[in-house]
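# need coordinates for the following:
(one chain, ligands or ions: 1)
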Amino acid sequence: MVENNVNCLFDKNSVKVTITPCQPKVLTHLPKRPPVDIGFTDLTYTVKEGSSNSNKLILKSVSGRLKSGELTAIMGPSGAGKSTLLNILTGYKTSGMEGSITINGTERDLSQFAKLSAYIMQDNQLHANLSVEEAMNVATSLKLGNQVDKQEKAKVIQEILETLGLQEHIKTMTANLSGGQKKRLSIALELVNNPPIMFFDEPTSGLDSSSCFQCISLLKCLARGGRTIICTIHQPSARLFEMFDHLYTLAEGQCVYQGSTLQLVPFMATLGLKCPSYHNPASFIIEVSCGEYGDYVKKLVHAIQNGKCDIQAGKPYTQGENLNNADANKKINNAEAPLAIAESSDINGSKSVLPFTTNDIAKEDVNSFPPADGVVIPIEPLNMELEKPGANSSLLDGALPKSQKRYGTSEWNQFWIVLKRTLLFSRRDWTLMYLRLFAHILVGFLIGALYYDIGNDGAKVLSNLGFLFFNMLFLMYTSMTITILSFPLEMPVLIKENFNRWYSLRSYYMAITVSDIPFQTVFCVMYVSIVYYLTSQPPELFRFSMFLSACLLISFVAQSVGLVVGAAMNIQNGVFLAPVMSVPFLLFSGFFVSFDAIPIYLRWITYVSYIRYGFEGTALATYSFGREKLKCYQIYCHFKSPETTLEELDMLESDFTLDIVALVAIFIILRIAAFLFLRWKLNSQR
Ligand SMILES: Nc1ncnc2c1ncn2[C@@H]1O[C@H](COP(=O)(O)OP(=O)(O)OP(=O)(O)O)[C@@H](O)[C@H]1O
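Prediction:
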């Protein structure tokens with residue numbers, strides 16, 4: 001661990017703590033990536049609103065530039081369009097947008113951009129049932145692939161966790177981490193492939209002031225490594241505010257300030273907006289943007305040309321140059337310095353990460369913004385070369401990659417990694433595993449007790465049919481509801497990981513499709529074995545196998561229904577709609593009404609009723625295939641002959657193989673439908 005120096009200076013009224021960065025912690029194992037400056041010009045974002053489909057303008061022709069080596073805050077009052085701008089810049093939202101976004105001066109190619117950036121969403125989106133180490137292992141395996149060997153991956157993980165102060169929590173389950181630690185883990189996971197651009201939506205939300213400080217220190221540190229770090233933030237404290245290099249402020253969908261945080265107050269003063277002494281400048285600009293000091297929004301938008309100007313500390317202003325050509329000629333210092341991040345201790349003695357600066361590159365052109373009251377505010381055009389004082393060039397690795405694989409590893413590997421992860425947290429999920437296991441065993445014994453020894457009794461055939469139908473009902477509801485309840489909870493993690501190019505939707509979907517099959521099979525086999533034995537169904541192996549295969553297929557099909565519903569709608573709608581939608585399938589299963597009694601125009605429903613195929617399959621397994629007459633302990637047993645039962649059910653001509661084929665076909669169709677719904681849902685969010 002790195003030694004830290006914390007010096008406390010006491011005077012009568014205050015305690016001042018200065019934190020001196022110590023020996024830099026060098027991240028030597030991260031892959032080198034190019035530095036990236038982002039420019040955007042005349043960005044407009046419109047959404048369709050209401051039944052009239054009228055257009056609502058959310059971003060109004062805003063421009064701006066976000067530079068590598070800088071920590072940028074996007075601020076503004078609630079509803080100003082911060083999240084919208086962030087979502088557009090990340091590429092998360094693409095429809096409804098007009099304008100130009102450039103990367104190092106050339107028009108953004110979204111696919112290439114996605115490989116260079118990471119989006120850390122507000123709610124962390126972590127799998128609760130994985131430890132920090134396991135989560136990191138999954139991230140490195142997916143993002144670094146097979147090109148990097150195991151030892152190297154372990155070094156990457158160790159370095160990142162040490163740097164982010166998570167090493168001592170390596171065995172802690174993600175669910176037990178504190179808010180700040182979760183945030184750091186979210187960053188650590190994305191840091192694995194060293195993205196040069198990192199976006200953060202409200203990184204400090206839900207954190208106490210000390211954790212906020214640590215979090216922003218860390219972001220600053222990442223920026224000093226040459227990365228472009230952009231985050232939306234609501235209203236930072238003055239202490240946090242001054243840690244940002246660059247501020248982009250929105251009000252009513254327009255840019256009211258862009259530039260150095262240090263120049264905010266002087267710039268506002270030039271427009272007659274004097275920030276009161278001891279007032280937080282961040283609060284001041286928000287208050288001004290909300291109109292608390294009069295109608296200054298238009299003036300600010302005009303002064304800053306809706307983001308086309310950039311007010312820089314100690315830098316000149318030349319007007320009228322175009323942002324898009326901005327960094328076309330940018331010269332990058334390609335010296336291969338290691339990424340330096342120093343660790344230190346904050347005021348409470350807890351560990352934080354502080355920037356360790358290396359290169360100091362100054363700029364020196366001169367021009368000046370002519371402010372109203374004669375104060376000279378340095379405003380910079382948006383086409384400057386940038387090297388931020390304090391930034392180092394460790395990330396710099398020549399030009400942007402032209403062609404690179406979409407994902408860090410092959411789809412087959414993605415499938416395996418996601419499958420192993422899903423199996424691991426399924427095993428640890430109490431509801432998914434133990435409650436389900438318990439339910440199958442308990443209900444199995446209950447049904448066994450209720451229908452005890454009726455299977456070979458000619459007088460109790462109707463009860464036995466009730467038992468067969470109940471099996472369908474139980475297996476259908478347990479596997480369907482568990483999927484409806486658990487799958488939507490996975491969606492936010494899926495959205496984040498898929499968006500950040502951890503894996504393709506196809507690999508993920510294949511993995512989750514396969515992952516539950518062994519568990520569902522074990523539960524179903526246990527349940528069927530218990531009830532089959534206790535209710536004295538025919539003791540032939542082939543009948544048991546047929547009975548079991550029909551039951552297994554029913555539970556897989558019902559699980560697929562759960563996936564379709566879970567992919568297409570939220571939990572509330574799903575838990576109501578899925579059982580309701582199942583009612584027709586139950587009604588037309590052949591148990592309540594025989595096929596001949598169903599009106600012709602409704603018969604088609606029986607062909608799509610998977611319950612019918614399951615019920616028919618188990619009935620045939622029980623009563624068909626030359627089963628001998630049942631025992632009769634009364635004077636007369638109407639259903640003594642199995643054929644009578646099949647005749648009553650209109651199943652004399654039925655074919656067991658056809659039932660199995662129909663169930664397999666429905667299973668495949670539903671799985672494909674669930675995939676398409678999932679893909680639609682992922683795309684529709686954007
Ligand atoms: N799909 C949509 N339909 C209608 N209005 C929308 C839509 N998306 C965003 N808006 C509106 O756009 C404006 C900006 O929203 P956005 O979420 O970007 O604001 P914000 O600055 O991030 O706010 P907050 O700080 O409260 O999160 C809001 O007025 C919001 O109601």
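# spit out the contact partners of the residue of the stretch 301-450 of the chain found nearest the ligand.
Closest residue of the stretch 301-450 of the chain to the ligand, C-beta to the nearest ligand atom: G307 (15.2 Å). For the C-beta atoms, the positions are set from N, CA and C on the backbone; glycine is no exception. Contacts here follow C-beta atoms under 8 Å, 6 or more residues apart in numbering; on that basis G307 touches F40, V62, S63, G64, Y248, C255, Q258.
# what mean pLDDT does stretch 462-470 have?
Across stretch 462-470, pLDDT averages out at 93.
# so which strand or helix has the nearest residue to the residue of the stretch 301-450 of the chain closest to the ligand once chain neighbours are set aside?
Leaving aside its sequence neighbours, G307 sits nearest to C255 (C-beta to C-beta, 6 or more residues apart in numbering; 3.4 Å). Secondary-structure assignment from DSSP states H and E places C255 in strand 254-260.
# mean confidence score for that strand?
Strand 254-260 comes out at a mean pLDDT of 91.
# kindly export it (C-alpha atoms) in PDB.
C-alpha atoms of strand 254-260 as PDB (Å, rounded to 0.1, in the frame of the first residue of the first chain):
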ATOM      1  CA  GLN A 254     -29.800  25.400 -23.800                       C
ATOM      2  CA  CYS A 255     -26.300  26.000 -22.700                       C
ATOM      3  CA  VAL A 256     -25.800  28.800 -20.300                       C
ATOM      4  CA  TYR A 257     -22.200  28.200 -19.400                       C
ATOM      5  CA  GLN A 258     -19.300  26.200 -20.700                       C
ATOM      6  CA  GLY A 259     -15.800  26.500 -19.500                       C
ATOM      7  CA  SER A 260     -13.600  26.400 -16.500                       C
END
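# confirm that K274 sits in a helix.
No - the assignment for K274 (DSSP: H, G, I helix; E, B strand; the rest coil) gives coil, which keeps it out of a helix.
# quickly note the distance from it to the ligand.
Distance, K274 to the ligand, using C-beta to the nearest ligand atom, to the nearest Å: 26 Å.
# which ones are touching that residue?
Contacts of K274 (C-beta under 8 Å, 6+ apart): M268.
# that older thread, contacts only, for the residue nearest to G307.
V62, S63, G64, Y248, T249, V301, I304, N306, G307.
# list the beta-bridge partners for it.
On the basis of DSSP bridges, C255 is bridged to L250.
# how about the residues of the protein by the ligand?
V47, E49, K56, I58, G76, S78, G79, A80, G81, K82, S83, T84 (C-beta under 6 Å from any ligand atom).
# what residue spans form the domains of the protein?
5-48+55-380, 411-684 (automatic domain parsing).
# pLDDT at the residue lying closest to M75 once chain neighbours are set aside, what is it?
If the residues on either side of it in the chain are set aside, M75 comes closest to T249, at 4.9 Å by C-beta to C-beta, 6+ apart. Per-residue confidence (pLDDT) for T249: 92.
# next one: M491
86.
# the domains of the chain: which one's closest to K405?
For K405, the closest of the domains of the chain is domain 5-48+55-380, at 8.3 Å, according to C-beta to C-beta.
# that older thread, which one of the residues of the chain next to the ligand has the most neighbours?
G76 (28 neighbours; other C-beta atoms under 10 Å).
# tell me which residues in the helix or strand where I417 lies are buried?
Using DSSP H and E, I417 sits within helix 411-428. Within helix 411-428, the residues that count as buried by 16 or more other C-beta atoms under 10 Å are N413, Q414, F415, I417, V418, L419, R421, T422, L423, L424, F425, S426.
# need those in a markdown table with distance to Q634 and pLDDT, can you?
Supplementary listing: the buried residues of helix 411-428 in a markdown table, determined by distance: C-beta to C-beta, whole Å; pLDDT from 0 to 100:
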| residue | distance to Q634 | pLDDT |
| --- | --- | --- |
| N413 | 64 | 91 |
| Q414 | 62 | 92 |
| F415 | 58 | 94 |
| I417 | 62 | 93 |
| V418 | 58 | 93 |
| L419 | 54 | 94 |
| R421 | 58 | 92 |
| T422 | 53 | 90 |
| L423 | 52 | 89 |
| L424 | 55 | 88 |
| F425 | 54 | 82 |
| S426 | 49 | 83 |
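# against the ligand, how distant is Y296?
Taken as C-beta to the nearest ligand atom, the span from Y296 to the ligand is 18 Å.
# next, count neighbours for that residue.
19.
# and what of Y452?
Residues near Y452, counting by other C-beta under 10 Å: 11.
# quick check: the residue of the stretch 451-600 of the chain nearest the ligand.
For the stretch 451-600 of the chain, C-beta to the nearest ligand atom, closest residue to the ligand: I495, 16.3 Å.
# secondary structure class for L57?
strand.
# who are the contact partners of it?
By C-beta under 8 Å, 6+ apart, the neighbours of L57 are T44, Y45, T46, G253.
# kindly report the same for R501.
A114, K115, R406, Y407, G408.
# mind doing that once more with 7 Å?
Contacts for R501 (C-beta atoms under 7 Å, 6 or more residues apart in numbering) come out as A114, K115, R406, Y407.
# and what of F284?
F284 touches C275, counting by C-beta under 7 Å, 6+ apart.
# also V661?
No contacts exist for V661 under C-beta under 7 Å, 6+ apart.
# how about the one 3 residues further on?
V664 makes contact with L553 under the criterion C-beta under 7 Å, 6+ apart.
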